Structure formats: structure tokens, C-alpha cells
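Enquirer: Structure for the following, please:
(2 chains)
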Amino acid sequence: MYKYDQYDDAMVRARVEDFRDQTRRRLEGKMTDDQFKPLRLKNGLYLQLHAYMLRIAIPYGTLNSTQLRKLAHIARTYDRGYGHFTTRQNIQFHWIKLEDAPDILGELADVEMHCIQTSGESIRNISADHYAGAAADEIMDPRPWAETLRQMTTFMPEFSYLPRKFKICVIAAEEDRAAMRWHDFGLRIVKNEAGEIGFEVYPGGGMGRTPFIAYKSSDFVPQHQIFSYLQAVLRVWNRHARRDNIHKQRMKILVHELGEEEFTRQVEEEFRHILTLGTDFPQAEYDRIAAYFTPPPFETGLPEEIDRSDPDFAVWIDQQIAPHKAPGYAIVNVSLKPIGGIGGDITAEQMEVVADLAERYSFDELRVAHTQNLVLPHVRKADLYAVWQQLRDAGLADANLDLVTDIIACPGLDYCSLANARSLPVAARIAERFADPAVQHDLGELKIKISGCINACGHHHAGHIGILGVDRKGTENYQLLLGGSGAEDVSQAKITGPGFDEAGVVDAVERAVNHYRTIREPGERFIDTYRRVGMEGFKEAIYG
Amino acid sequence: MADVLRFRDDAAADEPAVSLDAFLDQTNAVSVRIEAGDDVRRLAPVLDRLRLVEIDFPKFRDGRGFSSASILREMGYTGEIKATGDVLVDLIFFMRRCGFDSFAPNVPLDPADAEAALNRYPYVYQHAADAEVPIWQLRHPELANG
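Expert: All right, here's what the predicted structure looks like:
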């Protein structure tokens, strides 16, 4: 994976000192929180309900064991012994003291990590396929491009104050495991007929209160023009977005108001101009970065067989393993969704277990998935049993990947000052309702996503079943949605009807699931059945 | 506190800036005032008589002026670009990179704070309107001559 050189290191250290100075001015009362707010937000520090929350960037979801151990250390030293992985492949600590924040940034810099642009009106941490570099179906590893774009979009002067946040995602496979088309700027790496690498570009997606799925603005932007194309998109948006209403300033709104055709036309005009400025990085720099992503030295001649004689292990294998590009290897998904636990949460001790496993069994590599799980990308099939045993001993061996209990949920009203309702208890109740492994496996792939407010951090628009917490006359109320997807079969979920209280929405989910079970045809997932029959029958089942 | 922080050696234009429409209607004006929503590309035919562009920031969260300055420099304009309005010291490093070379905010900048802000970052990651060499170019000195 990528290693900082003296330049990257100097930039991150400078940011630490910059932030230390800003924090000092705040603590000494030389700045109000209003003045401090935009500065701390550009560095991932939010003031939440109970304390400050610090969001740490995990670029394209890639970590090594040293970094994860450092996160464990931060959890223990500065927080309450745990952290929370987010739907943007980042990690958040929810109990931070302001005066500690600069020291935490210093500790992060020691392991080549930072919080730059993890919040505020900025170009956020770039997300990528969490199977990158390991997936059997990718045409190349998308991370060298994600890293190149990470550097090029760090402290971009012209876009110092964008209308709103801006999220980029890079994938390189047909299958979309990263919700690419729900980003402001989605990229799929493709090869043209001449065998040249380029990008399909999908601008204008986003969740929030006004969800849009990104449209395709270009079939093929040549690889070394992608930074120019990105600048063109940013410039059109920065110049023409509304600035009078924060809820209408995301790029998706401008795309919608101009229309896709006109937005594309303006981008292409600006793109032709920006190409003449020669701001794209050269092949030599791409090659330098790509060299850090050379595949690890996979062994050859490894056995493909897995000893399935332990039935619990066999169940786990069938659910948590994905095909690897190298023979004899597998991708291991580590569930952070235990029944009765909080999705995405992980203790310092568990972080250390996973770090040890990554170091010993996965070429020191780890991934964070936007589904709030972890991935050991390169495990020999022969080592799977040992890995499973150690995960099991640490409480990390749930076998529920993409099943009904693998729920995405935002922190909600338990932590977040923006939330209208709690998300975590709803997720916990649903997981308990479907806890029986036989039931989960019978239901198959079923993606439930829960947000505690219309900002949609819990991706409810993209859930096969989505739940949105709202405030209804001072009480928490939950709307139910059906039919969304963040995958290559992308779609936007629709509201079923009137909302429910907390117990009611759990019952409603169960009725929807039971209806699916009654009418499904062989091989159909929940989403397939919903798409075949439409909303009406489900509505009847839910509301009676 | 200086009311204007200026990074140019030439004499400042002493004529008050007029609106973009007024500037385009006149033939002898040399100073123009750009509001956040104005299209600076309309100045392309008259760049040769332009000596001062004031770009207004109605609130610091409105970043349109960054693009306006960048585009003016891309068009080849070499005269003064002055940032006015709600300009915060924490953003002037990026403003300088976009081509601003004077600052006259509503609340005057402390020169010491400005100096510190301008020298905070030792490198830059990308080309902009200034002459800073991006990190990728420093990494590849072999490319410097061609």
C-alpha cells in the first residue's frame, strides 16, 4: 500500500500544527465556536450531543496493522475504548476532548493518517471498492487512481469553499460494491477497444434529503485527463450552484436544475479549456504511486480445498468469503454486526486481534467496507480455519454478510446533534427479531439501511429495506422504504406509507419480509421479488 | 492593522471600481467590481484596459470568487485582483494561490496572522494560478526540462 514520502509527511505535519494553533486560539477564547466551526469541520472535528467527535480518514478504506493498532491506542487513550467505522470507510471516535485533538492528529501523522477534509464543505475522503487489489472480477486495482486523486484534491485552492461536501468513489469492476452511483462523482475504470485505460464518469449522485442517482456523463475519459475532467465538474458546480439555501447546494441539485445534457455540455466546454492548462499529473507520477500497489507476493501451488468438517466454520465460510484473483487465496469479510451489538463498533482489543490477523495472514493489509465491516483481503485458504478460530474468540465471527442482520445504521440520536431519531436501537431490535441463523440464511441477501434523519448517513435510500427516522410532533417516528439498491442494480427506495413508532417499524419490517417469503419465486432475493410485484402487495401486507 | 494587504510593487489604481455591466459599457474605466454571481469571462475582450479587479466575498462560505480569480489569471490578466468582503485569514493562503494579490476585507487582517497563514504549508499538491511547483513535479526533477 501507499507510503508517504517527505512531502506527504510534511503536509500532514503542517496540518497538525495549523490545527494545534487554531485549537489553542479557541481554548484561549480568541475565537468563538462559530468562528472555529468551519476550521475544525475541515479537519473532521464535530461538536455532537455529548462531546466532540473526530472522524479519521481511511483513504479508499485501506489500512495496515500498524495503523489499526494506532487506532486501538487512540480508542483506549483518548476515547472510551472503542471506535465506529462509517459508511464512508472512515472511523469515528465519539468521546473526544477538544484539547486532546491536536495530539491525536500528531499520533495519526506518525502512522501516515490524518483527518483532512473528512467533513465540512470539502472534497471528502475518496472511497473505493473494498475488495480492490484482491477481487477476481476487477480489471485493475482502482487504488492507485484513488491515491493520485487524494493527493491532487488535498487543499485544492480554487475549491477551498465549495457549495457543499463532494464525495468521490472509484471502482474497477462491473459489480459495484461501493455504492458508486450514490456519489457526487463516481468513477468506473474501464478499458476501451484499443485496450487503453480510462474512466466512465457518473456525476450528480447523492443521498440526503433530495436523493439522486448519478448519471453517466462520459463513457471514456482517458486516464491521464481525469484530473482535468474533475476540475471541470468542480468548477461548473462551484460557479453555478445556489448559495442561498444550504439544502439546495449539493451538486446533484445543480445537475437536476440544469438537466443532465446541459450540465454535461458545460462540463465538456470547461474540460476542453482546462486540458489546455496542463494541470494533469504525468505518467511518471502515476507509475510512482502505482508501484506501491503492486500485488503482494502470492504463493503459487496452494491448495484450493477447505476442510469443512467443523460445521460452524462451514457456515461462516459459506457467508463471509469472496473469490480472490490469486489461486489458493480468499477474501475474508469480518462482520462487525453481532446480534445485540452496535453495527460498525469495534473495541480496542478487537482492533488488535484483527491487526494481528492482517499482519500474520493477509500481507499486513486490511480494508474497511462502506457496509461498516472489515476485510482481510488476501488470506490463504489453508489459513481460513485458524483465522476463523481467532475471530470467533474475539466475537468477530458472525456469519451474516449481506443478510438481514448485516444492517447499515448511522449513529443517530444516541450521538448525533443532527439526528431526529435513534437508529442503533432500531437496528438492534431488527437483528434480534431475525437472529436465528436458519431464518437469515433462508431469507438470503437482504440489505437493511437505517438513517436517523434525512441527511441519510445510514443510506436508507439505497436499502432493499430502508428506514428513516423523523421527528413527528416531538416523538421519534420511522418511515419505511422499499426497493433501493447501492449496487450495480442501483435504484432509489420508495416510502411505503405512514410511519411507525420504534416497535411498530420492527413489526412492519417483519411483515414485509414475511410477505416476500410467501410470494418469492425460486432464487429471488427480496429486492427481485419487490421489483417483480411492485409496492402494492407489500403495502397491503404491511398496513393490512 | 493595515486596511489593505497588498503583494504588488506597482502603483494601485486609484479609480473606484464599477460594476461589471458599467465597466463593459464604458471605454475608459480601469477598475471593475465582481460580485459573487458575475461571469468574469465577459471581461475577455477588454482585459488590456483593466488594472484592478475587486472580487467580493459576501460571506466567507461563498467560494465563487476563488473560481473568478483563477479564470482571470487563466485568461492572462496580470493586473491586481483584490479580495473584499468577508475574507478570513485562514483562507488567504488559498486565495493567493488563485491569483489574488491584495486583500481589503471588512475586518482588516492582522499582518502577523496573515504572514503565518501564508507560510503554513511548505508544499502544494497541484498547479494553480501562482508559480508554486506541485509536489509531483518536485518528485520528478527529470521531467523539469521537457
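
Enquirer: so what's A:Gly221 up against?
Expert: For residue A:221 the amino acid is Val, not Gly. A:Gly198, A:Phe199, A:Val201, A:Tyr229 (CB atoms under 8 Å, 6 or more residues apart in numbering or on different chains). C-beta here means a position set from N, CA and C on the backbone, and glycine is covered the same way.

Enquirer: A:Ile289 too?
Expert: A:Tyr2, A:Pro144, A:Glu147, A:Thr148, A:Gln151.

Enquirer: Looks to me like it is in a strand.
Expert: No - under DSSP: H, G, I helix; E, B strand; the rest coil, A:Ile289 sits outside any strand and is assigned helix.

Enquirer: pLDDT value on it, please?
Expert: Turning to A:Ile289, the model gives it a pLDDT of 98.

Enquirer: least trustworthy helix or strand in chain B by mean pLDDT?
Expert: Sorting the helices and strands of chain B by mean pLDDT, DSSP states H and E puts helix B:111-118 at the bottom, at a mean of 91.

Enquirer: follow-up on the earlier one: list just the nearest of the contacts of A:Ile289 to A:Arg13.
Expert: A:Gln151 (15.6 Å; CB to CB).

Enquirer: how close does that closest one get to B:Asn28?
Expert: Separation of A:Gln151 from B:Asn28 (CB to CB, to the nearest Å): 47 Å.

Enquirer: If you count surrounding residues, which of those two has more?
Expert: Between A:Gln151 and B:Asn28, counting by other CB atoms under 10 Å in any protein chain shown, A:Gln151 is the more crowded of the two (21 against 6).

Enquirer: Buried ones in stretch A:500-514, by neighbour count?
Expert: Neighbour-count burial for stretch A:500-514, counted by 16 or more other CB atoms under 10 Å in any protein chain shown, picks out A:Phe500, A:Glu502, A:Val505, A:Val506, A:Ala508, A:Val509, A:Arg511, A:Ala512, A:Val513.

Enquirer: er, stretch A:67-82 actually
Expert: So for stretch A:67-82, counting by 16+ other CB under 10 Å, buried means A:67-76, A:78-79, A:82.

Enquirer: Over to stretch B:50-64?
Expert: So for stretch B:50-64, counting by 16+ other CB under 10 Å, buried means B:50-57, B:60-64.

Enquirer: mean confidence score for it?
Expert: 95.

Enquirer: Grab the nearest non-local neighbour of the residue in chain A that chain B sits nearest to.
Expert: The nearest approach of chain A to chain B comes at A:Tyr161, 2.9 Å away (CB to the nearest CB). Spatial nearest neighbour of A:Tyr161, excluding adjacent residues (CB to CB, 6 or more residues apart in numbering or on different chains): B:Gly63 at 2.9 Å.

Enquirer: now swap in B:Glu74 and tell me
Expert: A:Leu277 (6.4 Å).

Enquirer: does the residue nearest the centre of chain B belong to a helix or a strand, and which?
Expert: In chain B, the centroid-proximal residue (CA atoms, centre = their mean) is B:Phe100; its distance is 1.8 Å. Using DSSP states H and E, B:Phe100 falls within no helix or strand.

Enquirer: For it, give me its contacts.
Expert: So B:Phe100 contacts B:Ile55, B:Ala69, B:Ile81, B:Lys82, B:Ala83, B:Ile92 (CB under 8 Å, 6+ apart).

Enquirer: taking those one by one, which sit in strands?
Expert: Applying DSSP state E to the contacts of B:Phe100, the entries found in strands are B:Ile55, B:Ile81, B:Lys82, B:Ala83.

Enquirer: ok, the nearest residue to A:Tyr60 once chain neighbours are set aside - how many residues close by?
Expert: Nearest residue to A:Tyr60, sequence neighbours excluded (CB to CB, 6+ apart): A:Ala128, at 3.7 Å. A:Ala128 is flanked by 29 other residues according to other CB under 10 Å.
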